[in-house]
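> sequence and predicted structure, then a few things I'm wondering about:
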Amino acid sequence: MRLKTPREKRILYFKTTLRIFLYGLMIMVGFISMTCGTWTKPIVLVPIAVCIALNADVLVSAFVGAFCGFLIDIACERLFGYNAVLLAVFCAAVSLIYELYLRKRFFNYLWITALVSFLQCRLDYEFYYKMWNYENVERIFHSVTLKVWGYTMISAVVIYVIFALINKLLMPKAHLTIEEVIKTS
Amino acid sequence: MREFLKSTRFKILLAFIAFLVGIMIYAVTKGGYSLSGASFINTVTKPLRFVSNNISMKLEKTVDRIENADAYYEENQELKKQVGELNKQLTDYDDLKTEVEELRKLVVIKEEHPDSVFSQPAEVLGYVANDPFRGFTIDRGSADGIEPYSPVITPEGVVGITIEVSQHTSTVRTILSPDLSVAAVCSDTNTDFGIVEGAVITAENNMTKLTHLTPEHKLKKGSLIVTAGSSGLFPKDYVVGKVKSMGVDPNGLTAYAEIEPAVDITRLSSVFVITDFDGKKEALNAAQDTP
């Protein structure tokens, strides 16, 4: 990597701090949106966690996933830690998949989010409703679970745009020296 | 001077002054009404005077603003402060009003149920996200004497029970949930006992179900269902709701009724928690002792 001047370092530090702050703000806004009102709401913290995992290290992704999961547990009144475990695993897996196999494209993000969100919704349905064998329980799957998943996917598009904007403005770009370029090519 | 006094100009001037005095005396006799000439002038000059007066007022105001800017600024700051204080007083007044209303309701319930001990009014903090059975969180917890499985009510009727209690918040499971069973009876007949238990289908319409009725029950549409108080979970005689429709279970041995809760569970803003009531411990202990 090219060596940075003190001024560049300061700018990088400022941008990174601001980016992390904005990520945190997005998480808080997502959490608050999930706790207000009585209508069916998207689980926006899932696409937010996935968006952060796209650009973060595996451990950081797992940590962010766990944090978002805890917030989902509070908002949805689930066993504290249940969603945290799920999202920590999912986000770490997403980060790893992106690191090894996938390019950062919108389509890849969409299908990954669809999969993660569907798994989260399906497991929630299995453990919190189906397992207890309520009469006509499948209606909950159609009227609540699928609806929540659909809303989550719609919100995922908006969240991707916001994160793309934040990353475009504040994500540090990798600068390679001529020697490194020659070496890698 | 003498020449002037003898001149024609002086005589004309005197005549003119006399004319004016004459007009003046005539005007006095009109009893407050304008002379026709004055009235005509007023009418003709009215628009002009209006415009000129506006211009003059604006100019005066501008000059006044420039001259007294500091004084106005200070006055403005003072008034802002006063408005802030008044707004705060208004908010306090609204809070007090709400509290008084809540306490009035509490007094009514207490008079109706002297055997029950109530918590302070609890505000609904929010509904559990995407819960088909409308669970919610309230702003009172163990610090306010609330325990898990305490009945939650409003002046209109039964809402549910607390299922998870922290120091300052509690989560409430509503009577729409299949996980909550409340012994209930029809208040009209006092013989048709059943169990109020939510179901997935009824919860979609914010209704609950009275199950385990005998097929020979005497319920009819509109019958009032109240708590029976036999389980120890809920005190006696709290309104659950009204019968909306009835049917017989597929096994043919028992019947059920769909109940419209007396409380609109989807639009709650505050509730009361019954922290203690007659028969609570005895019934619960008896239930626990039963093998």
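Looks like it came in fine.

> so who does whatever residue of chain B ends up closest to chain A touch?
Here the residue of chain B nearest chain A is residue B:128; by C-beta to the nearest C-beta that distance is 4.0 Å. Where C-beta positions appear, they are placed from N, C-alpha and C, glycine not excepted. Applying C-beta atoms under 8 Å, 6 or more residues apart in numbering or on different chains, we find residue B:128 in contact with A:75, A:76, A:77, B:134, B:135, B:136, B:137, B:171.

> longest helix in the chain, please.
Answering for chain A, as no chain was given. helix A:6-35 (DSSP state H).

> nope, chain B
Max-length helix for chain B by DSSP H is helix B:69-112.

> and the next helix or strand past it?
The helix or strand immediately downstream of helix B:69-112 is strand B:116-118, counting by DSSP states H and E.

> residues from chain B in reach of chain A?
B:126-132, B:134-135, B:137, B:164, B:171, B:178-179, B:199-201, B:204, B:266-267 (C-beta under 8 Å from any C-beta of the partner chain).

> show the buried residues in the residues you listed.
With neighbours counted by 16 or more other C-beta atoms under 10 Å in any protein chain shown, the residues of chain B next to chain A contain buried members at B:126-132, B:134-135, B:137, B:171, B:178, B:199-200.

> and the gap between the residue of chain B closest to chain A and residue B:163?
11 Å (C-beta to C-beta, to the nearest Å).

> hey, what's in contact with both of those two?
Common neighbours of residue B:128 and residue B:163 (C-beta under 8 Å, 6+ apart) are B:135, B:171.

> assign a three-state SS to residue B:168, would you?
coil (DSSP: H, G, I helix; E, B strand; the rest coil).

> in contact with the closest residue to it other than its chain neighbours, which residues?
In space, and not counting its chain neighbours, residue B:168 is closest to residue B:141: 4.5 Å by C-beta to C-beta, 6 or more residues apart in numbering or on different chains. By C-beta under 8 Å, 6+ apart, residue B:141 lies in contact with B:165, B:166, B:167, B:168, B:169, B:170.

> residue contacts, the fifth one?
Shown here is residue B:169, whose contacts under the criterion C-beta under 8 Å, 6+ apart are B:125, B:137, B:138, B:139, B:140, B:141.

> dead centre of the chain: give me the residue that sits there.
Reading this off chain A. residue A:49 (1.8 Å; C-alpha atoms, centre = their mean).

> oops, I was thinking of chain B
Nearest to chain B centroid, counting by C-alpha atoms, centre = their mean: residue B:98, 7.6 Å.

> verify the stated contact: residue A:33 with residue A:44.
Yes. Using C-beta atoms under 8 Å, residue A:33 makes contact with residue A:44 at a distance of 6.2 Å.

> follow-up on the earlier one: of the contacts of residue B:141 - the most surrounded one?
residue B:170 (28 neighbours; other C-beta atoms under 10 Å in any protein chain shown).

> tell me the secondary structure at the nearest residue to that one once chain neighbours are set aside.
Sequence neighbours aside, residue B:162 is the residue nearest to residue B:170 in space, at 4.4 Å (criterion: C-beta to C-beta, 6+ apart). Put simply, residue B:162 is strand when judged by three-state DSSP.

> please list the residues of chain A that sit near chain B.
So far as C-beta under 8 Å from any C-beta goes, chain A lies against chain B at A:34-38, A:40-41, A:43, A:75-77, A:129, A:132, A:134-137, A:139-140, A:143-144, A:148.

> and residue B:212, how far from residue B:181?
9 Å.

> what touches both of the two?
residue B:195.

> just to revisit the earlier point, let me know the closest of the contacts of residue B:141 to residue A:169.
Set against residue A:169, the nearest of the contacts of residue B:141 by C-beta to C-beta is residue B:169 (38.5 Å).

> from residue A:148, how far off is that closest one?
For residue B:169, the distance to residue A:148 - C-beta to C-beta - is 24 Å.

> repeat that for residue B:119.
Counting by C-beta to C-beta, the gap from residue B:119 to residue A:148 is 33 Å.

> returning to that earlier point: any idea which of the contacts of residue B:141 is closest to residue B:271?
residue B:170 (10.0 Å).

> before we move on, back to that, now do the contacts for the residue nearest to the centre of chain A.
Residue A:49 neighbours (C-beta under 8 Å, 6+ apart): A:61, A:64, A:65, A:68, A:69, A:87, A:90, A:91.

> narrow those to those in helices?
A:61, A:64, A:65, A:68, A:69, A:87, A:90, A:91.

> pretty sure the first one is touching residue A:51, no?
No. Between residue A:61 and residue A:51 there is no contact under C-beta under 8 Å: 10.4 Å.

> which of these two has more residues huddled nearby?
Neighbour count, other C-beta under 10 Å: between residue A:61 and residue A:51, residue A:61 has more, with 27 against 24.

> how close does the more buried one get to residue B:154?
For residue A:61, the distance to residue B:154 - C-beta to C-beta - is 45 Å.

> cool, and residue B:17?
89 Å.

> poorly predicted segments of the stretch 151-291 of chain B, please.
Counting by pLDDT under 70, the stretch 151-291 of chain B contains low-confidence ranges at B:281-291.

> which stretches of it form strands?
B:151-154, B:157-165, B:170-174, B:181-186, B:193-197, B:208-213, B:224-227, B:239-248, B:255-261, B:270-277 (DSSP state E, counting those that start in this stretch).

> would TSV of these with distance to residue A:160 be doable?
Shown next, in TSV, are those (distance: least, C-beta to C-beta, whole Å):
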stretch	distance to residue A:160
strand B:151-154	41
strand B:157-165	35
strand B:170-174	33
strand B:181-186	45
strand B:193-197	43
strand B:208-213	41
strand B:224-227	50
strand B:239-248	45
strand B:255-261	42
strand B:270-277	40
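
> hey, which of those strands is tucked in deepest?
strand B:170-174 (a mean of 26; mean count of other C-beta atoms under 10 Å in any protein chain shown).

> surely residue B:120 touches residue B:139?
No. If you go by C-beta under 8 Å, residue B:120 and residue B:139 don't touch, sitting 9.7 Å apart.

> so where is chain A shaky, pLDDT-wise?
A:1-4, A:174-178, A:180-181, A:183-185.

> and the residue of chain A closest to chain B?
For chain A, C-beta to the nearest C-beta, closest residue to chain B: residue A:77, 4.0 Å.

> and for that residue, the neighbour number?
22.

> helix, strand or coil for it?
Assignment for residue A:77 (three-state DSSP): coil.

> residue contacts, it?
B:128, B:129, B:131, B:135, B:137, B:164, B:171.

> torsion angles phi and psi at the fourth one?
The main-chain torsion angles of residue B:135 are listed as degrees, to the nearest 10 and equal phi -60, psi 160.

> could you do the first one as well?
Main-chain torsions, residue B:128, degrees, to the nearest 10: phi -70, psi 130.

> distance of residue A:98 relative to residue A:49?
From residue A:98 to residue A:49 the distance is 13 Å (C-beta to C-beta).
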